[in-house]
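Asker: build me a model from this:
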Amino acid sequence: MRKVSLGYIFIALFLISCGKSGDGSSSEAAPAGSKYGVKAGMSEMTMEMMGMKTTVTNYWDDFGKKSVTAVSGEMMGSKMNETTIEKDGFSIKYDGEKKTGMKAKKDSAMQDISFHEMTDAQMKERGMTEAGTETLLGKECKVYEVDMDKMTGQTSTDPAAKVKGKVWVWNGIPMKMVMGDLMKMETTKIEVMESVPAAKFEVPADVQITDM
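Answerer: This next block holds a predicted model:
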């Protein structure tokens, strides 16, 4: 179970917080402090973790100030349909099957993780090193090697639980992630947009949200 939770911590860290500029294909320049180097768009990824497969769809706007991430598929034998909306300093996570969810202020530690203005010292502290470039879906990506324990703060004395991985990033958008034998995510579709409809970042009317 610890491996499953670590996998989703890793997903959250990168889908919410990556921000390293790449080749700059947006029609607008990213403001200082932006999470993404592209103003708006969407990506679809497939994820394999411990023999289970899910699909991750991510929309963002305002250079990452707003995002919505949907994960669907099967996990531990159960159907999974979870969506997380990040905007206005809050995080809303709801279950599309149960029609319930929670709203809370965003974790400040997660907000601080951004490749966009990260110094070499900060990268070292978080267990990250640059490992060249690679082209995926026609996008030139920066490749980073990562230390899971340092990145998430989920330290363990069990050597078998320690995970080394890589992430491929284009304009702050994670194109591919590999965490040892634990998890692999890879983008199958990516689209740059001028803007994303505001309705994408709203909770469906039939979902009951509880404030934390």
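Asker: isn't residue 172 up against residue 39?
Answerer: No. Using CB atoms under 8 Å, residue 172 is not in contact with residue 39; the gap is 11.1 Å. Placement of C-beta: from N, CA and C, glycine included.
Asker: between the two, point out the one with more neighbours.
Answerer: Per other CB atoms under 10 Å, whichever of residue 172 and residue 39 has more neighbours is residue 172, with 25 against 22.
Asker: residue ranges with poor pLDDT in this structure?
Answerer: Where the chain drops to pLDDT under 70, the residues are 1-27, 76, 107-118, 150-163.
Asker: let me see the contact set for the residue lying closest to residue 60 once chain neighbours are set aside.
Answerer: Leaving aside its sequence neighbours, residue 60 sits nearest to residue 67 (CB to CB, 6 or more residues apart in numbering; 4.2 Å). Shown here is residue 67, whose contacts under the criterion CB atoms under 8 Å, 6 or more residues apart in numbering are 15-16, 58-61, 85-87, 201.
Asker: ok, those vs residue 106, which is closest?
Answerer: residue 86 (6.5 Å; CB to CB).
Asker: and the closest one, bridged to which residues?
Answerer: Beta bridges link residue 86 to residue 67, residue 91 when assigned by DSSP bridges.
Asker: surely it is in contact with residue 106?
Answerer: Yes. In this structure, residue 86 is within contact of residue 106 by CB under 8 Å, at 6.5 Å.
Asker: those two: who's more crowded?
Answerer: Between residue 86 and residue 106, counted using other CB under 10 Å, residue 86 has the larger neighbour count: 25 against 14.
Asker: list the contacts for that one?
Answerer: The contact partners of residue 86, taken as CB under 8 Å, 6+ apart, are 16, 66-69, 92, 106.
Asker: ditto for residue 147
Answerer: Contacts for residue 147 were tallied using CB under 8 Å, 6+ apart; they are 126-128, 162, 164.
Asker: return a PyMOL selection command for the buried portion of the residues you listed.
Answerer: Selection of buried members from those for PyMOL, criterion 16 or more other CB atoms under 10 Å:
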select buried, resi 126+127+128
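Asker: turn the contacts of residue 147 into a markdown table, including secondary structure and distance to residue 193.
Answerer: Formatted as a markdown table, the contacts of residue 147 follow (DSSP: H, G, I helix; E, B strand; the rest coil; distance: CB to CB, whole Å):
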| residue | secondary structure | distance to residue 193 |
| --- | --- | --- |
| 126 | coil | 30 |
| 127 | coil | 33 |
| 128 | strand | 29 |
| 162 | coil | 39 |
| 164 | strand | 34 |
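Asker: possible to save the contacts of residue 147 as CSV with distance to residue 146?
Answerer: CSV is the format used below for the contacts of residue 147 (distance: CB to CB, whole Å):
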residue, distance to residue 146
126, 8
127, 6
128, 5
162, 12
164, 7
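Asker: which one among the contacts of residue 147 gets closest to residue 28?
Answerer: residue 128 (27.3 Å).
Asker: is that closest one bridged to anything, and to what?
Answerer: On the basis of DSSP bridges, residue 128 is bridged to residue 146.
Asker: does it touch residue 142 like I think?
Answerer: No. Between residue 128 and residue 142 there is no contact under CB under 8 Å: 10.8 Å.
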